[in-house]
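Engineer: here is a sequence together with a model predicted from it:
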Amino acid sequence: MTRFTVQAGKRRQLLKRLILLAAIVVLIGLVSFLRSPRVGAILEALEAPGLPSAPEFQSRVWLTAEQNWSVQMRRRFHHASQGVKTLPVPLSWFMAMEQPASNIFTVPFGNRGLFSEDDYLLRFGFIEGEVSEHNPLKLPVGFATTESQNLPGINGSVTALGFTCAACHTGHLKHGNTEYIVEGGPATTDLGQLTTAIGAALGQTLVSARVPLMKARFNRFAEKVLGPDAYNSTNVAQLESELESLVNYLASEPGKVDVVEGYSRLDALNRIGNQVFAIDAGRRDNYVAINAPVNYPHIWTASWFSWVQYDASIMSPLVRNAGEALGVAAGFDLTAPDGERRFSSSVDINELWWIENSLSGESPDPDSPQAGLLSPPWPETFPEIDRERASRGQEIYERICVDCHLPPLSSQEIWQPEYFSPVSYYVDGQLRQTPESLLQLKLINLQQVGTDSAQSDVLNNRTVNTAGYAGGDLNSNTSGMGINAEVCAHRPEFPDSPYAERNYSRVQPGPLVNVEVSDAPMLNFGLALGAIVQQTIDSWYGLNYVPEENRRRYEEDRPNCLRGSNGYKARPLNGVWATAPFLHNGSIATVKDLLSPPELRPEFVVLGNIEFDPVNLGLMQDSQLLEDNTAVYSKEGYFVLNTNTPGNHNTGHEFSSEWDESLHWSEQRKGVIGPEFTGEEVLDIIEYLKTL
């Protein structure tokens, strides 16, 4: 008996040694795996981003009714699919994927919850969604599902997840313990951090599948994706193979960033160009590093602007919206031969038409000025407006600000022809006009307003190569992309004599004329994008047998005009109180900072905290979050915008003691647009802006 006991003890001791040895081998294997050249290149991508806690509220206020929308319109706008697949994973994977661990070595230990849970997704700045027929999964505002999409590395078509217009154009802010949701307002999201988190979650799931003793995470993922009826060794192996293919694809994608976007900002124009001309076209030489982030623009009233975008670069709403859909990864064909519907896409033109008409409403006029989505009124639950101050602020606004920002849209003055009038353009030498009057915004030259030029530089300076490659370089493609369309652009004017008197104008180039755009090795990015979007729209018309008269209705009889402008538009300030941060690049947190002497503007701005500042009118700033302003993100996870970085400059639009009333604006210091305000005058203007 004793002999058997001793032998059993020896066997147990041997087994323990074998287990320890196996653990050491696994650990060595794990370290070797993580240090291998192939995995080492993406090791950093396996780290989860540091994120702030999700904001907490005791109540929610939707400003939908006050903004002239119904609940039904709101819910559809928030989740109407444009036909896009922005997120690179199937819907079933996204709903099954777990949150990434902060450290790769902690992956085997515990379940951190699903990626799709509100407690996690809202940390990226998204707004909690409502359950409705348009959103049965209760995804955050701006998420939509699109069926029959092809994703890299995934066999067959799947239901994909994409962003809607609302993902970038629905805002929210916190005042007291209440969340206020602003329809058409600027989003507060950080899509760069979301991309990092998705990559980390997928990568950690793949590591879990490949490393012994770490398989629990992958197994949970596989069980959720496949379900009990399809969970077997064959399907699990197939899922693992597809996961590896997708991770490898994402790791190979270009993703250089020169200027971090952070919360509340996006380099939309460069992202669209990269998606269309580099990723979709398979032409990596067309990729440009992210370098011109802008604050998500608010979109009420924008349907009636003669030109949209910060740099007033696009005229046609349909072209702008279809281009945006391509930029957030609609399915898009560039391989079909000529004559076989190249440029076919999954862009849903009907849904884009519904969205645009919901925003625009009927054509406004003096008798019926309330059209479409309206700007949000100052909530009654906010601090009461000081009407005496507001009256003084109105006088200052009419004296100093109206020349650029136009009279208030609630005034009768705004209906004068100099503000509301048709746009004239030429087609084959024949003068035409838009059938409806549009709001003629002032386009202010950079030499005058002096704000950061990065966003304006995109359409002025960027070129793309759409020509064929001699010898079959790059995917053995000797043919071009197939761009062949007419667009509308300003006719170039002959340059002034170098001896002419210096006289910067407010960007008044030649007349609008139709121009032919075709493949070239250094094609202007704006013209190339306008042409390729037009061909995509035309392909949709053909595939859906749309007659000519209906095509004009979709396009609202507005020409596909594009331009690079060397300036930024000054839009009316209705609802501006709900649009922080300020300047086009979001480099100023409050209106008080914007109107105060430029030397008082904060050097660092914290973005990601949506606490509203009703006194200074903007985003509450917490100095404790700037203890280490050398980091791009604070230890709490908020974005720290450094205004010394090109692309982030907070210069320009300055009311300064250097202003000289006797001089023309072109003789003032660049960026100085008016006299310095006193502290009381700043507060007066702030109070008036709350009334618009």
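Structural biologist: Sure thing, it's come through. Just so you know, these numbers come straight off a predicted model, no measurement behind them.
Engineer: quick check: which ranges of this structure have low pLDDT?
Structural biologist: 1-43, 109, 470-478, 500-509, 627-628 (pLDDT under 70).
Engineer: please parse it into its domains.
Structural biologist: Domain assignment for the chain, taken from automatic domain parsing, gives 2-32, 425-494+504-570, 576-678.
Engineer: send the alpha carbons of stretch 391-409 over as CSV?
Structural biologist: This file holds the C-alpha atoms of stretch 391-409, laid out as CSV (Å, rounded to 0.1, in the frame of the first residue of the first chain):
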residue,chain,number,x,y,z
SER,A,391,-29.5,94.1,-26.8
ARG,A,392,-26.0,95.7,-26.4
GLY,A,393,-24.5,92.7,-28.0
GLN,A,394,-26.9,93.0,-31.0
GLU,A,395,-25.6,96.6,-31.6
ILE,A,396,-22.0,95.3,-31.6
TYR,A,397,-22.9,92.4,-33.9
GLU,A,398,-24.6,94.8,-36.4
ARG,A,399,-21.6,97.1,-36.4
ILE,A,400,-18.7,94.6,-36.4
CYS,A,401,-19.9,91.1,-37.4
VAL,A,402,-22.7,91.4,-39.9
ASP,A,403,-20.4,92.2,-42.8
CYS,A,404,-19.0,88.7,-42.8
HIS,A,405,-21.7,86.6,-41.0
LEU,A,406,-24.7,88.2,-42.7
PRO,A,407,-27.8,89.6,-41.0
PRO,A,408,-29.7,87.1,-38.7
LEU,A,409,-31.8,84.6,-40.6
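Engineer: dump the residue contacts of the residue nearest the centre of the chain.
Structural biologist: For the chain, Leu266 is the residue whose C-alpha lies nearest the centre (Cα atoms, centre = their mean; 4.4 Å). If you count contacts by Cβ atoms under 8 Å, 6 or more residues apart in numbering, Leu266 has them with Cys168, Leu191, Pro293, Val294, Tyr296. Quick note: C-beta positions are derived from backbone N, CA and C, even for glycine.
Engineer: quick check: phi and psi on it?
Structural biologist: phi -160, psi 140 (degrees, to the nearest 10).
Engineer: check Glu98 too.
Structural biologist: Torsion angles, degrees, to the nearest 10, at Glu98: phi -90, psi 160.
Engineer: close enough to count as contact, it and Phe218?
Structural biologist: No. With contact defined as Cβ atoms under 8 Å, Glu98 does not count as touching Phe218 (9.8 Å).
Engineer: what touches both of the two?
Structural biologist: Listed as contacting both Glu98 and Phe218 by Cβ under 8 Å, 6+ apart are Thr205.
Engineer: follow-up on the earlier one: which ones among the contacts of Leu266 map onto strands?
Structural biologist: Among those, the members falling in strands (DSSP state E) are Val294.
Engineer: which of the domains of the chain sits closest to Glu133?
Structural biologist: Nearest to Glu133 among the domains of the chain is domain 425-494+504-570; the distance by Cβ to Cβ comes to 24.3 Å.
Engineer: show me how far that closest one is from its chain's centre.
Structural biologist: Taking Cα atoms, centre = their mean, to the nearest Å, one finds domain 425-494+504-570 lying 20 Å from the centre of the chain it belongs to.
Engineer: first-to-last residue distance for it?
Structural biologist: 22 Å (Cα to Cα, to the nearest Å).
Engineer: do the same with stretch 281-299
Structural biologist: Terminal residues of stretch 281-299 lie 30 Å apart, using Cα to Cα.
Engineer: do the same with stretch 636-656
Structural biologist: Span of stretch 636-656 from end to end, Cα to Cα: 36 Å.
Engineer: repeat that for stretch 186-195.
Structural biologist: One end of stretch 186-195 to the other measures 20 Å (Cα to Cα).
Engineer: which one (most neighbours) among the contacts of Leu266?
Structural biologist: The residue in these with the most neighbours, by other Cβ atoms under 10 Å, is Pro293 (28 neighbours).
Engineer: surely it is in contact with Leu269?
Structural biologist: No. Using Cβ under 8 Å as the test, Pro293 is too far from Leu269 to be in contact (10.2 Å).
Engineer: what segments of the stretch 201-350 of the chain are strands?
Structural biologist: 265-266, 294-295 (DSSP state E, counting those that start in this stretch).
Engineer: let me have the ones you listed in a markdown table, extended by distance to Asn232.
Structural biologist: Shown next, in a markdown table, are the strands of the stretch 201-350 of the chain (distance: least, Cβ to Cβ, whole Å):
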| stretch | distance to Asn232 |
| --- | --- |
| strand 265-266 | 42 |
| strand 294-295 | 49 |
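Engineer: between those strands, which gets nearest to Asn560?
Structural biologist: strand 294-295 (22.4 Å).
Engineer: contacts only, for the nearest residue to Trp378 once chain neighbours are set aside.
Structural biologist: Leaving aside its chain neighbours, Trp378 sits nearest to Lys690 (4.6 Å; criterion: Cβ to Cβ, 6 or more residues apart in numbering). Listed by Cβ under 8 Å, 6+ apart, the contact set of Lys690 reads Trp378, Ile385, Ala390, Trp577, Leu617.
Engineer: how about the second one: what's its closest non-neighbour residue?
Structural biologist: If I follow you right, that is Ile385. The shortest distance from Ile385 to any non-neighbouring residue, by Cβ to Cβ, 6+ apart, is to Lys690 (5.1 Å).
Engineer: kindly report the same for the last one.
Structural biologist: For Leu617, ignoring the flanking residues on the chain, the nearest one in space by Cβ to Cβ, 6+ apart is Val591 at 4.0 Å.
Engineer: neighbours of the one you found, how many?
Structural biologist: 23.
Engineer: hang on, it packs against Leu692?
Structural biologist: No. Val591 is not in contact with Leu692 according to Cβ under 8 Å; the separation is 11.8 Å.
Engineer: any shared contact partners between these two?
Structural biologist: Contact with both Val591 and Leu692 is made by residues Val576, Trp577, according to Cβ under 8 Å, 6+ apart.
Engineer: now the spatially closest residue to Ser424 that is not a sequence neighbour: phi and psi?
Structural biologist: Of all residues beyond its chain neighbours, the one nearest Ser424 is Gln433 (5.2 Å), with distances taken as Cβ to Cβ, 6+ apart. Here is the backbone geometry of Gln433 (degrees, to the nearest 10): phi -140, psi 150.
Engineer: for Gln433, give me its contacts.
Structural biologist: Pro422, Val423, Ser424, Tyr425.
Engineer: need the contact list for the first one.
Structural biologist: Spelled out, that is Pro422. Counted by Cβ under 8 Å, 6+ apart, Pro422 has contacts Gln433, Thr434, Pro435, Glu436, Ser437, Leu438.
Engineer: what's the answer for Gly156, then?
Structural biologist: Asn150.
Engineer: neighbours of Arg217, how many?
Structural biologist: Arg217: 24 surrounding residues under other Cβ under 10 Å.
Engineer: same check on Arg387?
Structural biologist: 10.
Engineer: same thing with Pro369?
Structural biologist: Pro369: 14 neighbours (other Cβ under 10 Å).
Engineer: again with Ser410
Structural biologist: Ser410, neighbours per other Cβ under 10 Å, totals 13.
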